[in-house]
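>>> Sequence first, then the predicted structure, then my questions.
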Amino acid sequence: MSEKNKNGNLKIVEAQTKNKQEQPEVAAKNYKITRSEIAGRVRNIRQQFEMIRDAYQGTLFDIACEGVGPPQSLYFGNIKLPDELTRLLNPEVDTLYQEFMNAPEHLGWDDTHRLYSYATETAFQIGVFFGVIMTDDSPAAIDKAEKGLAYATAAKSWLVKEE
């Protein structure tokens, strides 16, 4: 190998090492929330899902109305998108997402994998909760699902700060 090639590769390795040393520590960011904050966020998600359920139930009555466009009952206001709900319920997903959006080169494989895993798990849990509400289950069953989602989220010790 020529001397020129050795030095070229060395400069690339040095640059990669320097970038790695300058990486912000994502895990050190304060994203923890209290159990009561988790319960409040789950309650907020429930209210949004119940609003969606009620709007869909209203379509039975205004679907045959004259006019252009979809039934007016489907205009149920400002609701959060699924990725927003995921980031709402799991602030670590939001922290990692913001870090990725601001400086994707600073996230390593571990952080990227955590973002993927936590977002997938949280979105799945929210989807199960949505299913319980949309199947028009009893209020008691919806209450149990709400408590279960809050409990499962609060069981993540790395996510919860003590009150």
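That came through, no problem. Residues are numbered from 1 along each chain as shown.

>>> Could you identify the helix or strand that succeeds whichever helix or strand Ala119 is part of?
Taking DSSP states H and E as the definition, Ala119 sits inside helix 109-134. For helix 109-134, the succeeding helix or strand toward the C-terminus, using DSSP H and E, is helix 139-154.

>>> ok so, going back, what distance separates the helix holding Ala119 from the middle of the whole chain?
Using CA atoms, centre = their mean, to the nearest Å, the distance from the centre of helix 109-134 to the centre of the chain it belongs to is 7 Å.

>>> Mind giving me the packing neighbours of that helix?
For helix 109-134, the packing partners by 3 or more CB pairs under 8 Å, 6 or more residues apart in numbering; DSSP states H and E come out as helix 35-62, helix 82-89, helix 91-102, helix 139-154. Just so you know, the C-beta spots here come from the backbone N, C-alpha and C atoms, and that holds for glycine as well.

>>> Buried residues, the longest one. List them.
Pointing back at helix 35-62 there. Using 16 or more other CB atoms under 10 Å as the test for burial, helix 35-62 gives 35, 38-39, 41-42, 45-46, 48-49, 52-53, 55.

>>> which intervals of the chain have sub-threshold pLDDT?
The model of the chain has pLDDT under 70 over residues 1-29, 64-69, 76.
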